[in-house]
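Participant: pasting the sequence and the predicted coordinates here, then a few questions.
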Amino acid sequence: MLLIKNGRVIDPASKTDAKLDVLIERDHVVKIAPSISAPNAEVLDASGSVVAPGFIDLHCHLREPGQEISETIESGTKAAARGGFTAVCPMPNTHPVNDNASVTRSILERAAAVSPVHVWPICAASRESKGEQLADIAAMQQAGAVGVSDDGRPIASARLLRQVMEYCGPLGLPVIDHCEDSSLAAGGVMREGPRSVRLGLKGIPAAAESICVGRDVEVAAVTRARLHIAHMSTRASLEHIRDAKRRGLAVTCEVTPHHFTLTDEDVQYDSRFKMNPPLASRDDRAALLEGLADGSVDAIATDHAPHHPASKDVEFDRAPFGITGFETAIALALGELVHTKRISLMRMVELFTTGPARVLGRKISLAEGALADITIFSPDRAWTFRAADSASRSRNTPFDGRNFLGGPLATVVGGRIVWRLEVSAAGKTAI
Ligand SMILES: [Zn+2]
Ligand SMILES: [Zn+2]
């Protein structure tokens with residue numbers, strides 16, 4: 001038995017926000033009440049902390065199979081647990097691509113052996129994600145895939161997208177699209193604007209994303225299937241999403257912590273500022289903050305994209321896109337969204353829990369009888385993120401050395417504490 005005592009329980013499903021104890025027996029929550037006593041239970045003192053349903057990351061790259069030099073399922077999921085996530089959804093752009101059931105099964109077998117958190121794979125929409133022929137989606141769903149995407153690139157044509165959506169609709173699988181018009185984005189390495197001109201780097205216009213979002217929304221209207229827009233970064237894209245929601249379409253979207261924190265004005269000749277979509281304009285960031293606050297945005301997702309220094313630590317032009325993200329996500333959300341009073345703590349928890357769960361067609365809550373996947377975080381602990389201490393095999397983050405107020409404290413998966421912050425030498429940390 002595990003007893004989490006004195007925490008502030010925040011559960012968006014029931015709108016609970018109260019100081020309560022949580023008692024767990026084996027892998028389920030058996031009681032939530034004030035002042036539970038259970039003499040035989042292991043006690044986790046959560047005084048001053050928030051106790052929430054397990055955080056879900058809809059979008060990450062674990063690099064296994066094929067690029068284990070950058071990350072493995074083991075190292076990536078350890079980083080996820082340290083970041084407070086109890087479930088992560090790895091994208092299919094591994095080598096080989098997760099485009100058939102044997103790859104899906106091998107990922108899940110590896111995860112069962114080494115991962116402290118749930119791994120819910122996203123499978124490819126097309127074979128090798130080449131955008132030509134449909135992948136064997138039904139077989140991959142049977143093997144355990146929870147969504148479909150050709151992430152790394154968009155689903156190649158409106159015609160293929162329509163086929164994929166017509167196929168996935170009856171299966172109940174969300175189609176997740178990395179929206180980018182490649183004819184506009186080709187060769188670009190950062191957002192097109194005054195900063196790209198000043199740095200002499202080839203720009204990607206904002207419209208490269210929003211044109212594709214517009215296309216996707218129209219295809220969603222034709223098929224009535226579920227569409228999820230990955231790492232949305234522009235105001236124009238958000239307008240398409242709002243329009244889709246007004247029309248009653250099953251369209252959802254996610255925003256990454258780096259897009260709601262940084263802008264193209266932060267970009268330097270340093271490949272840790274190179275990601276796709278690129279950091280956007282100040283006005284785009286303002287739009288994302290509005291969308292996160294007003295409910296237009298459904299989830300925060302990290303797009304954790306580790307790269308080994310040998311490939312990433314090169315000239316900006318030549319470096320691959322992507323940054324790591326698991327271990328800084330909660331702290332960035334607290335710092336940029338909650339402490340600035342843009343959103344409530346309840347809304348933040350929703351963006352990491354019931355929001356992403358809904359995208360996957362699932363319901364989660366922190367309630368009696370529920371599976372004991374629980375994230376415990378401090379809303380205000382002062383700490384400094386050191387990339388060198390990360391559990392990830394890669395270090396490609398622009399947030400190395402950043403000071404934070406608040407961050408993950410403990411991660412409970414299936415009733416088991418899979419990670420907890422070690423008490424500092426000063427003994428200041430409760431957990
Ligand atoms: Zn992507
Ligand atoms: Zn991605």
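Facilitator: Structure's in. What do you need? Ligands and ions are numbered 1, 2, ... in the order given.
Participant: top helix in this protein by residue count?
Facilitator: Taking DSSP state H as the assignment, the helix of the chain that covers the most residues is helix 207-223.
Participant: buried sites along that one?
Facilitator: Using 16 or more other C-beta atoms under 10 Å as the burial criterion, the residues of helix 207-223 that qualify are 207-220, 223. All C-beta atoms are positioned from the backbone trio N, CA, C, and that covers glycine.
Participant: how about the contacts made by the residue of the stretch 301-431 of the chain found nearest ligand 1?
Facilitator: Minimum separation of the stretch 301-431 of the chain from ligand 1 (C-beta to the ion) falls at Asp303, amounting to 6.3 Å. The neighbourhood of Asp303, defined by C-beta atoms under 8 Å, 6 or more residues apart in numbering, consists of His59, Cys60, His61, Ala230, His231, Thr256, His258, Met275, Gly322, Gly325.
Participant: report the buried members of those.
Facilitator: Applying 16+ other C-beta under 10 Å to the contacts of Asp303 flags His59, Cys60, His61, Ala230, His231, Thr256, His258, Met275, Gly322, Gly325 as buried.
Participant: which ones among those lie within strands?
Facilitator: Where the buried ones among the contacts of Asp303 overlap with strands, as defined by DSSP state E, the overlap consists of His59, Cys60.
Participant: enumerate the residues of the chain near ligand 2.
Facilitator: Within the chain, the positions adjacent to ligand 2 are Asp151, Asp303 by C-beta under 5 Å from the ion.
Participant: so who does the spatially most central residue of the chain touch?
Facilitator: For the chain, the residue nearest the mean C-alpha position is Ala301 (2.2 Å; C-alpha atoms, centre = their mean). Ala301 makes contact with Asp57, Leu58, His59, Cys60, Ala230, His231, Glu254, Val255, Thr256, Pro356 under the criterion C-beta under 8 Å, 6+ apart.
Participant: which members of those are the farthest-apart pair?
Facilitator: Within the contacts of Ala301, Cys60 and Val255 form the most distant pair, 14.7 Å apart (C-beta to C-beta).
Participant: I'd say Pro116 and Ser75 touch.
Facilitator: No - contact criterion C-beta atoms under 8 Å: Pro116 and Ser75 do not qualify, at 11.2 Å.
Participant: name the residues of the chain found near ligand 1, please.
Facilitator: Within the chain, the residues that sit near ligand 1 (C-beta under 5 Å from the ion) are Asp151, His178.
Participant: SS state for the residue nearest to Pro12 when sequence neighbours are not counted?
Facilitator: The spatial neighbour of Pro12 that comes closest, neighbours along the chain excluded (C-beta to C-beta, 6 or more residues apart in numbering), is Glu350 at 4.0 Å. Of the three states, Glu350 takes helix according to DSSP: H, G, I helix; E, B strand; the rest coil.
Participant: got any ranges where the stretch 101-250 of the chain has weak pLDDT?
Facilitator: Counting by pLDDT under 70, the stretch 101-250 of the chain shows no low-confidence range.
Participant: smallest gap between it and ligand 1, at which residue?
Facilitator: Closest approach between the stretch 101-250 of the chain and ligand 1, counting by C-beta to the ion: His178, at 3.5 Å.
Participant: check contacts around that residue.
Facilitator: His178 sits next to Ser149, Asp150, Asp151, Gly152, Arg153, Pro154, Ala230, His231, Asn276 when contact means C-beta under 8 Å, 6+ apart.
Participant: do the same with Gln141
Facilitator: With contact taken as C-beta under 8 Å, 6+ apart, Gln141 is in contact with Cys123, Leu171, Leu173.
Participant: swap in 7 Å and give it another go.
Facilitator: When the contact criterion is C-beta atoms under 7 Å, 6 or more residues apart in numbering, the partners of Gln141 are Leu171, Leu173.
Participant: and the helices in the chain?
Facilitator: All helices of the chain, identified by DSSP H, fall at 73-82, 101-114, 137-143, 158-171, 182-185, 194-199, 207-223, 235-246, 257-261, 282-294, 309-312, 329-333, 345-352, 354-359.
Participant: show me the one of the ones you listed that comes nearest Gly407.
Facilitator: Proximity of those to Gly407 was assessed by C-beta to C-beta; the nearest stretch is helix 329-333, lying at 4.2 Å.
Participant: show me what that closest one is packed up against.
Facilitator: With contacts defined as 3 or more C-beta pairs under 7 Å, 6 or more residues apart in numbering; DSSP states H and E, the secondary structure elements packing on helix 329-333 are helix 257-261, strand 403-413.
Participant: could you dump those to TSV with mean pLDDT?
Facilitator: What follows is these, written out as TSV (pLDDT from 0 to 100):
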stretch	mean pLDDT
helix 257-261	98
strand 403-413	98
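Participant: can you list the ones you listed in a markdown table and add distance to Asp373?
Facilitator: Supplementary listing: these in a markdown table, determined by distance: least, C-beta to C-beta, whole Å:
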| stretch | distance to Asp373 |
| --- | --- |
| helix 257-261 | 21 |
| strand 403-413 | 6 |
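Participant: distance of the residue of the stretch 301-431 of the chain closest to ligand 1 relative to Gly84?
Facilitator: Taken as C-beta to C-beta, to the nearest Å, the spacing of Asp303 relative to Gly84 amounts to 16 Å.
Participant: ok, Val51 to ligand 2 distance?
Facilitator: 30 Å (C-beta to the ion, to the nearest Å).
Participant: quick check: closest non-adjacent residue to that residue.
Facilitator: Beyond its immediate neighbours in the sequence, the residue positioned closest to Val51 (C-beta to C-beta, 6+ apart) is Gly7, lying 3.6 Å away.
Participant: same deal with Asp136?
Facilitator: In this structure, Asp136 finds its nearest non-sequential neighbour in Asn100, 5.5 Å apart by C-beta to C-beta, 6+ apart.
Participant: so Ser233 touches Ala280, yeah?
Facilitator: Yes - taking C-beta atoms under 7 Å as the definition, Ser233 is a contact partner of Ala280 at 4.6 Å.
Participant: need the overlap of contacts for these two.
Facilitator: Common neighbours of Ser233 and Ala280 are listed as His259 (criterion: C-beta under 7 Å, 6+ apart).
Participant: the residue nearest to Asp136 touches Ile137, doesn't it?
Facilitator: No - with contact defined as C-beta under 7 Å, Asn100 does not count as touching Ile137 (10.0 Å).
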